[in-house]
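J.: no FASTA, just this:
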């Protein structure tokens, strides 16, 4: 059996460039990929698996905020700030929850716009 076999309920679309989001009112995140059911993000602060947040898409993509549950989160490395401080870098997988028909239509539009390449702005996750 192929170890890289897709296990997600919906295929993910890779997001090129530095498309971001924000976690908790102050945590900016980079949107790595997104699907109709969830997203993968990169960030510098802990997001606990099982926690639920509001995920706000980058304004350039549209005014869409969805409830998202953190499914997994792992440290993927460190980065050094200009001041010399080392920050842990995380990647987390989010599952969107309780999406209504209007939100689903907006999400479908976002996925159609970014499918070929992406790379638009920052978004956020909010407590």
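T.: Arrived safely, thanks for sending. Just so it is clear, the structure is predicted and the values come from calculations on it, not from any experiment.
J.: so residue 40 belongs to a helix, correct?
T.: No - the secondary structure assignment for residue 40 gives strand rather than a helix, going by DSSP: H, G, I helix; E, B strand; the rest coil.
J.: if I pick it, what's in contact with it?
T.: Contacts of residue 40 were listed using C-beta atoms under 8 Å, 6 or more residues apart in numbering, and they are 12, 31, 32, 33, 34, 91, 92, 93, 94. For the C-beta atoms, the positions are set from N, CA and C on the backbone; glycine is no exception.
J.: distance-wise, check the closest residue to the last one other than its chain neighbours relative to residue 85.
T.: This means residue 94. Spatially, and ignoring its direct neighbours in sequence, residue 94 is nearest to residue 68 (4.1 Å; C-beta to C-beta, 6 or more residues apart in numbering). Applying C-beta to C-beta, to the nearest Å, one obtains 28 Å for the distance of residue 68 from residue 85.
J.: ok, residue 100 next?
T.: 42 Å.
J.: likewise for residue 113?
T.: Residue 113 is 36 Å from residue 85, by C-beta to C-beta.
J.: helix, strand or coil for residue 82?
T.: Three-state assignment for residue 82 (three-state DSSP): coil.
J.: tell me if the residue nearest to residue 94 really is in a strand.
T.: Yes - the assignment for residue 68, made by three-state DSSP, places it in a strand.
J.: got the contact list for residue 109?
T.: Taking C-beta under 8 Å, 6+ apart as the definition of contact, the neighbours of residue 109 are residue 62.
J.: picking up where we left off before, look at residue 68 and residue 85 and report which has more neighbours.
T.: Counting neighbours by other C-beta atoms under 10 Å for residue 68 and for residue 85 shows that residue 68 has the greater number, 25 against 8.
J.: isn't the more buried one up against residue 56?
T.: No - counting by C-beta atoms under 8 Å, residue 56 is not a contact partner of residue 68; they are 9.8 Å apart.
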